[in-house]
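>>> Take this sequence and fold it.
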Amino acid sequence: MYIITILLCTLAKAVMSQTRDIFPAKVLVPQKIVTKNTNLPVTCSTFGFKKQPGLVHVYLWKDGFGIQSLIQKDQVTDTTFILADVTIQNSGNYSCVYSKNDYSLSEVTKRGDNVIPILVVDNFLPADISVSGPPAVSEGDDITFRCTVSPPLQTACGSQPILSYLRKNETILQVQPFNVEQREATFTIQGAVLRDSGQYSCVVLPSKCIDGQEEKLYGNNAVFIEVKENVLRGLAYYAMVSVMVVLLLCFLLWINKRGLGSFHKLRGLCQMENLTVAAAPSAPEEELETPTSSFSSEEEEGYANSEFIDTVAHNSQRDEQEDPYHTIDDTLDNGQAQVNTAAMPSALCLYAVSGRRIPPPLLPEL
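The predicted structure is shown next:
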(Lines give C-alpha, C1' and ligand atoms only; values in the text may rest on other atoms or scores of the structure.)
Protein backbone atom coordinates (compact mmCIF):
# COMPACT_ATOMS: atom_id res chain seq x y z
CA MET A 1 0.00 0.00 0.00
CA TYR A 2 2.85 2.32 0.82
CA ILE A 3 4.43 1.66 -2.59
CA ILE A 4 1.20 2.39 -4.46
CA THR A 5 0.86 5.69 -2.64
CA ILE A 6 4.38 6.70 -3.60
CA LEU A 7 3.67 5.90 -7.28
CA LEU A 8 0.49 7.94 -7.28
CA CYS A 9 2.23 10.93 -5.79
CA THR A 10 5.01 10.70 -8.36
CA LEU A 11 2.48 10.55 -11.21
CA ALA A 12 0.59 13.52 -9.83
CA LYS A 13 3.76 15.60 -9.61
CA ALA A 14 4.60 14.71 -13.23
CA VAL A 15 1.14 15.68 -14.42
CA MET A 16 1.26 18.96 -12.49
CA SER A 17 4.68 19.69 -13.93
CA GLN A 18 3.43 18.98 -17.47
CA THR A 19 0.34 21.09 -16.90
CA ARG A 20 2.50 24.02 -15.90
CA ASP A 21 4.72 23.55 -19.01
CA ILE A 22 2.04 22.90 -21.69
CA PHE A 23 -0.17 25.84 -22.63
CA PRO A 24 -3.48 25.96 -24.54
CA ALA A 25 -3.80 27.17 -28.12
CA LYS A 26 -6.78 27.70 -30.40
CA VAL A 27 -7.74 25.18 -33.12
CA LEU A 28 -9.29 26.35 -36.42
CA VAL A 29 -10.74 24.26 -39.31
CA PRO A 30 -12.47 25.39 -42.57
CA GLN A 31 -15.29 22.87 -42.11
CA LYS A 32 -16.42 20.32 -39.58
CA ILE A 33 -17.79 17.74 -42.04
CA VAL A 34 -15.33 16.62 -44.69
CA THR A 35 -15.37 14.13 -47.52
CA LYS A 36 -13.41 10.93 -47.42
CA ASN A 37 -10.13 10.83 -49.40
CA THR A 38 -9.69 14.62 -49.27
CA ASN A 39 -7.13 16.79 -47.43
CA LEU A 40 -8.19 18.63 -44.28
CA PRO A 41 -6.10 21.62 -43.05
CA VAL A 42 -6.15 22.15 -39.26
CA THR A 43 -4.59 25.37 -37.91
CA CYS A 44 -3.25 25.83 -34.36
CA SER A 45 -3.02 29.49 -33.37
CA THR A 46 -0.95 30.80 -30.44
CA PHE A 47 -2.02 34.39 -31.02
CA GLY A 48 -2.72 35.94 -27.63
CA PHE A 49 -1.54 32.80 -25.79
CA LYS A 50 2.25 32.85 -26.24
CA LYS A 51 3.72 34.83 -23.35
CA GLN A 52 7.39 34.80 -24.31
CA PRO A 53 8.99 35.11 -27.77
CA GLY A 54 10.98 32.28 -29.27
CA LEU A 55 10.54 28.82 -30.71
CA VAL A 56 7.75 26.62 -29.36
CA HIS A 57 6.46 23.11 -30.03
CA VAL A 58 2.86 23.01 -31.24
CA TYR A 59 0.86 19.80 -30.73
CA LEU A 60 -2.31 18.70 -32.52
CA TRP A 61 -4.50 16.87 -30.04
CA LYS A 62 -7.26 14.32 -30.86
CA ASP A 63 -9.52 12.56 -28.39
CA GLY A 64 -7.16 13.13 -25.44
CA PHE A 65 -3.75 12.45 -27.04
CA GLY A 66 -1.32 14.26 -29.30
CA ILE A 67 -1.19 13.01 -32.89
CA GLN A 68 1.20 15.47 -34.62
CA SER A 69 3.71 18.15 -33.66
CA LEU A 70 5.44 21.01 -35.46
CA ILE A 71 7.91 23.73 -34.48
CA GLN A 72 6.60 27.26 -34.57
CA LYS A 73 9.23 29.92 -35.21
CA ASP A 74 9.56 33.22 -33.45
CA GLN A 75 7.17 35.98 -34.55
CA VAL A 76 4.83 33.30 -36.01
CA THR A 77 1.48 32.64 -34.40
CA ASP A 78 -0.26 30.16 -36.75
CA THR A 79 0.86 26.60 -37.52
CA THR A 80 -1.13 24.47 -39.95
CA PHE A 81 -1.34 20.67 -39.93
CA ILE A 82 -2.50 18.86 -43.09
CA LEU A 83 -4.51 15.68 -42.64
CA ALA A 84 -4.06 14.00 -46.04
CA ASP A 85 -6.52 11.53 -47.58
CA VAL A 86 -8.75 11.44 -44.54
CA THR A 87 -10.77 8.34 -43.75
CA ILE A 88 -13.59 7.54 -41.38
CA GLN A 89 -10.98 6.92 -38.64
CA ASN A 90 -9.99 10.60 -38.78
CA SER A 91 -13.34 11.58 -37.29
CA GLY A 92 -13.05 12.85 -33.71
CA ASN A 93 -12.52 15.83 -31.37
CA TYR A 94 -9.54 18.05 -32.15
CA SER A 95 -7.64 20.63 -30.06
CA CYS A 96 -4.22 22.34 -29.92
CA VAL A 97 -1.54 23.03 -27.27
CA TYR A 98 2.04 24.29 -27.28
CA SER A 99 5.12 24.06 -25.09
CA LYS A 100 8.72 25.21 -24.87
CA ASN A 101 9.78 21.61 -24.34
CA ASP A 102 9.69 18.76 -26.82
CA TYR A 103 7.38 16.00 -25.55
CA SER A 104 6.45 12.69 -27.07
CA LEU A 105 2.94 12.58 -28.47
CA SER A 106 1.76 10.10 -25.85
CA GLU A 107 2.72 12.58 -23.09
CA VAL A 108 0.49 15.34 -24.50
CA THR A 109 -2.84 14.72 -22.80
CA LYS A 110 -3.93 18.25 -21.97
CA ARG A 111 -6.58 19.79 -24.14
CA GLY A 112 -6.32 23.27 -25.69
CA ASP A 113 -8.44 26.40 -25.55
CA ASN A 114 -11.26 24.88 -27.60
CA VAL A 115 -12.34 21.53 -29.03
CA ILE A 116 -13.81 21.06 -32.55
CA PRO A 117 -15.57 17.82 -33.59
CA ILE A 118 -14.68 16.74 -37.13
CA LEU A 119 -16.75 14.19 -39.07
CA VAL A 120 -15.41 12.39 -42.13
CA VAL A 121 -18.11 10.97 -44.43
CA ASP A 122 -18.42 9.54 -47.89
CA ASN A 123 -18.85 12.07 -50.69
CA PHE A 124 -22.36 10.69 -51.20
CA LEU A 125 -24.88 8.48 -49.40
CA PRO A 126 -26.18 5.42 -51.21
CA ALA A 127 -29.94 5.30 -50.73
CA ASP A 128 -32.67 2.68 -51.00
CA ILE A 129 -35.09 2.91 -53.91
CA SER A 130 -38.53 1.38 -54.32
CA VAL A 131 -41.27 1.72 -56.94
CA SER A 132 -44.99 2.15 -56.34
CA GLY A 133 -46.83 -0.45 -58.35
CA PRO A 134 -45.60 -3.23 -60.64
CA PRO A 135 -42.18 -2.99 -62.35
CA ALA A 136 -43.82 -3.49 -65.77
CA VAL A 137 -45.99 -0.62 -67.02
CA SER A 138 -47.62 0.39 -70.30
CA GLU A 139 -46.86 3.43 -72.42
CA GLY A 140 -48.52 6.55 -71.03
CA ASP A 141 -48.59 5.34 -67.41
CA ASP A 142 -46.91 7.22 -64.56
CA ILE A 143 -44.02 5.70 -62.57
CA THR A 144 -43.39 6.79 -58.95
CA PHE A 145 -40.11 6.07 -57.10
CA ARG A 146 -39.39 6.46 -53.37
CA CYS A 147 -35.82 7.19 -52.26
CA THR A 148 -34.97 6.67 -48.55
CA VAL A 149 -31.90 6.78 -46.25
CA SER A 150 -31.78 4.66 -43.10
CA PRO A 151 -28.81 5.99 -41.05
CA PRO A 152 -28.65 9.56 -39.66
CA LEU A 153 -28.00 12.02 -42.47
CA GLN A 154 -24.42 13.31 -42.33
CA THR A 155 -22.97 14.84 -45.50
CA ALA A 156 -19.94 16.85 -46.46
CA CYS A 157 -19.57 20.25 -48.15
CA GLY A 158 -20.80 22.30 -45.21
CA SER A 159 -24.43 23.39 -45.01
CA GLN A 160 -25.30 23.04 -48.68
CA PRO A 161 -28.89 22.00 -49.55
CA ILE A 162 -29.31 18.24 -49.41
CA LEU A 163 -30.53 16.81 -52.72
CA SER A 164 -31.49 13.37 -53.92
CA TYR A 165 -30.63 12.13 -57.41
CA LEU A 166 -32.58 9.58 -59.45
CA ARG A 167 -30.21 7.65 -61.71
CA LYS A 168 -31.14 5.57 -64.76
CA ASN A 169 -28.34 3.16 -65.64
CA GLU A 170 -25.30 5.50 -65.32
CA THR A 171 -27.03 8.85 -65.93
CA ILE A 172 -28.68 11.27 -63.50
CA LEU A 173 -32.28 11.60 -64.65
CA GLN A 174 -33.99 13.80 -62.01
CA VAL A 175 -33.05 15.87 -58.96
CA GLN A 176 -35.36 16.52 -55.99
CA PRO A 177 -34.88 18.21 -52.58
CA PHE A 178 -34.36 15.59 -49.88
CA ASN A 179 -36.69 15.72 -46.87
CA VAL A 180 -34.18 15.48 -44.00
CA GLU A 181 -36.85 14.98 -41.33
CA GLN A 182 -38.61 12.13 -43.14
CA ARG A 183 -35.38 10.93 -44.80
CA GLU A 184 -37.01 10.40 -48.16
CA ALA A 185 -37.69 11.92 -51.58
CA THR A 186 -40.21 11.08 -54.31
CA PHE A 187 -39.64 10.97 -58.06
CA THR A 188 -42.33 10.66 -60.76
CA ILE A 189 -41.99 9.88 -64.47
CA GLN A 190 -45.18 11.05 -66.18
CA GLY A 191 -46.39 9.46 -69.42
CA ALA A 192 -43.74 6.75 -69.63
CA VAL A 193 -42.42 5.80 -73.09
CA LEU A 194 -40.44 2.80 -74.32
CA ARG A 195 -37.04 4.49 -73.80
CA ASP A 196 -37.80 4.85 -70.05
CA SER A 197 -37.07 1.14 -69.55
CA GLY A 198 -33.90 0.47 -67.55
CA GLN A 199 -32.22 0.14 -64.12
CA TYR A 200 -33.01 2.88 -61.57
CA SER A 201 -31.22 3.80 -58.32
CA CYS A 202 -30.86 6.89 -56.11
CA VAL A 203 -28.24 8.66 -53.98
CA VAL A 204 -28.23 11.59 -51.57
CA LEU A 205 -25.58 14.33 -51.35
CA PRO A 206 -25.19 18.11 -51.24
CA SER A 207 -25.60 19.92 -54.55
CA LYS A 208 -22.03 21.17 -55.03
CA CYS A 209 -20.53 17.73 -54.37
CA ILE A 210 -21.95 16.33 -57.61
CA ASP A 211 -19.19 17.85 -59.77
CA GLY A 212 -16.97 15.14 -61.19
CA GLN A 213 -18.63 12.40 -59.11
CA GLU A 214 -21.47 11.36 -61.42
CA GLU A 215 -19.80 8.19 -62.70
CA LYS A 216 -18.85 7.11 -59.15
CA LEU A 217 -22.32 7.29 -57.63
CA TYR A 218 -24.27 4.19 -56.74
CA GLY A 219 -27.29 3.29 -54.66
CA ASN A 220 -27.87 0.54 -52.12
CA ASN A 221 -30.13 -1.24 -54.58
CA ALA A 222 -31.64 -0.90 -58.06
CA VAL A 223 -35.04 -1.63 -59.60
CA PHE A 224 -35.67 -2.57 -63.22
CA ILE A 225 -38.57 -0.88 -64.98
CA GLU A 226 -40.00 -2.27 -68.24
CA VAL A 227 -42.26 -0.07 -70.36
CA LYS A 228 -44.43 -2.09 -72.75
CA GLU A 229 -46.07 -0.82 -75.90
CA ASN A 230 -49.74 0.04 -75.53
CA VAL A 231 -51.41 -1.93 -78.37
CA LEU A 232 -54.86 -0.35 -77.97
CA ARG A 233 -53.44 3.15 -78.03
CA GLY A 234 -51.45 2.36 -81.17
CA LEU A 235 -54.50 0.93 -82.93
CA ALA A 236 -56.59 3.96 -81.98
CA TYR A 237 -53.89 6.25 -83.36
CA TYR A 238 -53.64 4.42 -86.69
CA ALA A 239 -57.44 4.26 -86.99
CA MET A 240 -57.74 8.01 -86.47
CA VAL A 241 -55.09 8.67 -89.13
CA SER A 242 -56.82 6.33 -91.59
CA VAL A 243 -60.18 8.05 -91.09
CA MET A 244 -58.63 11.45 -91.69
CA VAL A 245 -56.98 10.25 -94.91
CA VAL A 246 -60.26 8.75 -96.20
CA LEU A 247 -62.17 11.94 -95.44
CA LEU A 248 -59.56 14.01 -97.23
CA LEU A 249 -59.73 11.80 -100.34
CA CYS A 250 -63.54 11.96 -100.39
CA PHE A 251 -63.43 15.73 -100.16
CA LEU A 252 -60.96 15.98 -103.05
CA LEU A 253 -63.09 13.65 -105.21
CA TRP A 254 -66.20 15.70 -104.45
CA ILE A 255 -64.43 18.93 -105.39
CA ASN A 256 -63.12 17.39 -108.62
CA LYS A 257 -66.51 15.96 -109.62
CA ARG A 258 -68.30 19.22 -108.98
CA GLY A 259 -65.75 21.18 -110.98
CA LEU A 260 -65.97 18.83 -114.02
CA GLY A 261 -69.80 19.00 -114.00
CA SER A 262 -69.75 22.79 -114.18
CA PHE A 263 -67.15 22.69 -116.91
CA HIS A 264 -69.18 20.31 -119.13
CA LYS A 265 -72.33 22.36 -118.58
CA LEU A 266 -70.53 25.52 -119.71
CA ARG A 267 -69.16 23.71 -122.75
CA GLY A 268 -72.66 22.61 -123.81
CA LEU A 269 -73.96 26.15 -123.56
CA CYS A 270 -71.10 27.43 -125.69
CA GLN A 271 -71.75 24.82 -128.37
CA MET A 272 -75.34 26.02 -128.58
CA GLU A 273 -74.07 29.59 -128.91
CA ASN A 274 -71.77 28.53 -131.75
CA LEU A 275 -74.69 26.87 -133.57
CA THR A 276 -76.70 30.08 -133.19
CA VAL A 277 -73.84 32.14 -134.60
CA ALA A 278 -73.39 29.72 -137.51
CA ALA A 279 -77.14 29.89 -138.42
CA ALA A 280 -77.12 33.68 -138.63
CA PRO A 281 -77.55 35.00 -142.26
CA SER A 282 -74.41 36.31 -143.84
CA ALA A 283 -74.25 39.73 -145.50
CA PRO A 284 -74.92 39.73 -149.27
CA GLU A 285 -71.83 39.87 -151.34
CA GLU A 286 -71.43 42.87 -153.54
CA GLU A 287 -71.94 41.95 -157.16
CA LEU A 288 -69.12 42.95 -159.45
CA GLU A 289 -69.95 44.20 -162.88
CA THR A 290 -68.34 42.05 -165.52
CA PRO A 291 -67.34 43.90 -168.69
CA THR A 292 -68.31 42.32 -172.02
CA SER A 293 -65.93 44.09 -174.20
CA SER A 294 -62.15 43.88 -174.33
CA PHE A 295 -59.95 44.86 -171.33
CA SER A 296 -59.91 48.54 -170.54
CA SER A 297 -57.83 50.34 -167.91
CA GLU A 298 -60.65 49.95 -165.32
CA GLU A 299 -60.93 46.25 -166.05
CA GLU A 300 -57.19 45.76 -165.57
CA GLU A 301 -57.38 47.60 -162.24
CA GLY A 302 -60.30 45.38 -161.12
CA TYR A 303 -58.40 42.26 -162.11
CA ALA A 304 -55.43 43.32 -160.04
CA ASN A 305 -57.72 44.04 -157.06
CA SER A 306 -59.28 40.56 -157.30
CA GLU A 307 -55.85 38.95 -157.16
CA PHE A 308 -55.03 41.04 -154.06
CA ILE A 309 -58.31 39.94 -152.42
CA ASP A 310 -57.48 36.28 -153.02
CA THR A 311 -54.08 36.74 -151.42
CA VAL A 312 -55.55 38.47 -148.35
CA ALA A 313 -58.22 35.77 -147.97
CA HIS A 314 -55.58 33.06 -148.15
CA ASN A 315 -53.52 34.77 -145.42
CA SER A 316 -56.61 35.25 -143.25
CA GLN A 317 -57.50 31.54 -143.50
CA ARG A 318 -53.95 30.62 -142.44
CA ASP A 319 -54.14 33.00 -139.46
CA GLU A 320 -57.42 31.44 -138.37
CA GLN A 321 -55.83 27.97 -138.38
CA GLU A 322 -52.90 29.21 -136.28
CA ASP A 323 -55.11 31.13 -133.78
CA PRO A 324 -58.63 29.66 -133.38
CA TYR A 325 -59.63 32.45 -131.02
CA HIS A 326 -59.80 35.19 -133.66
CA THR A 327 -61.80 35.49 -136.87
CA ILE A 328 -60.69 38.41 -139.04
CA ASP A 329 -62.60 39.77 -141.99
CA ASP A 330 -60.06 41.46 -144.19
CA THR A 331 -61.21 44.30 -146.33
CA LEU A 332 -59.43 46.49 -148.74
CA ASP A 333 -60.64 49.80 -147.32
CA ASN A 334 -57.41 51.69 -146.73
CA GLY A 335 -55.57 48.35 -146.29
CA GLN A 336 -56.87 47.93 -142.63
CA ALA A 337 -58.14 44.68 -141.04
CA GLN A 338 -61.34 44.78 -138.94
CA VAL A 339 -62.57 42.17 -136.43
CA ASN A 340 -65.89 40.50 -137.31
CA THR A 341 -67.48 40.50 -133.88
CA ALA A 342 -70.76 39.08 -135.15
CA ALA A 343 -69.20 35.71 -135.99
CA MET A 344 -66.86 35.55 -132.93
CA PRO A 345 -67.81 33.40 -129.87
CA SER A 346 -67.08 34.73 -126.37
CA ALA A 347 -63.70 34.12 -124.70
CA LEU A 348 -65.27 31.96 -121.99
CA CYS A 349 -66.87 29.74 -124.63
CA LEU A 350 -63.59 29.41 -126.48
CA TYR A 351 -62.02 28.28 -123.18
CA ALA A 352 -64.77 25.71 -122.58
CA VAL A 353 -64.80 24.34 -126.14
CA SER A 354 -61.03 24.05 -126.30
CA GLY A 355 -61.11 21.74 -123.29
CA ARG A 356 -57.95 23.32 -121.84
CA ARG A 357 -57.58 24.14 -118.17
CA ILE A 358 -55.47 27.28 -118.85
CA PRO A 359 -57.66 30.35 -119.58
CA PRO A 360 -57.31 31.81 -123.10
CA PRO A 361 -55.52 35.12 -123.66
CA LEU A 362 -57.57 38.31 -123.57
CA LEU A 363 -58.95 39.57 -126.89
CA PRO A 364 -57.76 42.95 -128.06
CA GLU A 365 -60.08 45.84 -127.44
CA LEU A 366 -61.91 47.18 -130.50
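
>>> what's the domain layout of the chain?
14-121, 125-229, 297-366 (automatic domain parsing).

>>> What is the neighbour count of the nearest residue to residue 139 once chain neighbours are set aside?
Closest residue to residue 139 apart from its sequence neighbours, by C-beta to C-beta, 6 or more residues apart in numbering: residue 230 at 4.2 Å. For every residue, glycine as well, the C-beta is placed using N, CA and C. Burial of residue 230 is recorded as 17 neighbouring residues (other C-beta atoms under 10 Å).

>>> What's the separation between residue 230 and residue 96?
For residue 230, the distance to residue 96 (C-beta to C-beta, to the nearest Å) stands at 67 Å.

>>> ditto for residue 104
17 Å.

>>> And residue 217, by the same measure?
From residue 217 over to residue 96 (counting by C-beta to C-beta), the distance is 36 Å.

>>> Looking at those two, which is more packed in?
residue 96 (28 against 19).

>>> and that one, helix, strand or coil?
Put simply, residue 96 is strand when judged by DSSP: H, G, I helix; E, B strand; the rest coil.

>>> Let me see the contact set for it.
By C-beta atoms under 8 Å, 6 or more residues apart in numbering, residue 96 lies in contact with 24-27, 44-45, 58-61, 112-113.

>>> Equivalent analysis for residue 74, please.
With C-beta under 8 Å, 6+ apart, residue 74 has these contacts: 53-55.

>>> What about these, which are in helices?
In this view, the contacts of residue 74 have no member that belongs to helices under DSSP state H.

>>> Export the residues you listed to JSON lines and append columns for neighbour count, distance to residue 150 and pLDDT.
Shown next, in JSON lines, are those (neighbours: other C-beta atoms under 10 Å; distance: C-beta to C-beta, whole Å; pLDDT from 0 to 100):
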{"residue": "53", "neighbour count": "8", "distance to residue 150": "55", "pLDDT": "80"}
{"residue": "54", "neighbour count": "10", "distance to residue 150": "54", "pLDDT": "85"}
{"residue": "55", "neighbour count": "10", "distance to residue 150": "51", "pLDDT": "90"}
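
>>> Could you dump the residues you listed into JSON lines with distance to residue 135 added?
Shown next, in JSON lines, are these (distance: C-beta to C-beta, whole Å):
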{"residue": "53", "distance to residue 135": "73"}
{"residue": "54", "distance to residue 135": "72"}
{"residue": "55", "distance to residue 135": "69"}
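
>>> Return the member of those nearest to residue 246.
Residue 246 lies nearest to residue 55 out of the contacts of residue 74, by C-beta to C-beta, at 99.2 Å.

>>> Return the distance of the nearest residue to residue 195 once chain neighbours are set aside relative to residue 127.
Spatially, and ignoring its direct neighbours in sequence, residue 195 is nearest to residue 227 (7.9 Å; C-beta to C-beta, 6+ apart). Residue 227 sits 23 Å away from residue 127 when distances are taken as C-beta to C-beta.

>>> Comparing these two, which shows the higher neighbour count?
More crowded of residue 227 and residue 127, by other C-beta under 10 Å: residue 127, with 26 against 20.

>>> What residues does the more buried one make contact with?
Counted by C-beta under 8 Å, 6+ apart, residue 127 has contacts 147-149, 164, 201-204, 219-220.

>>> Lovely, talk soon.
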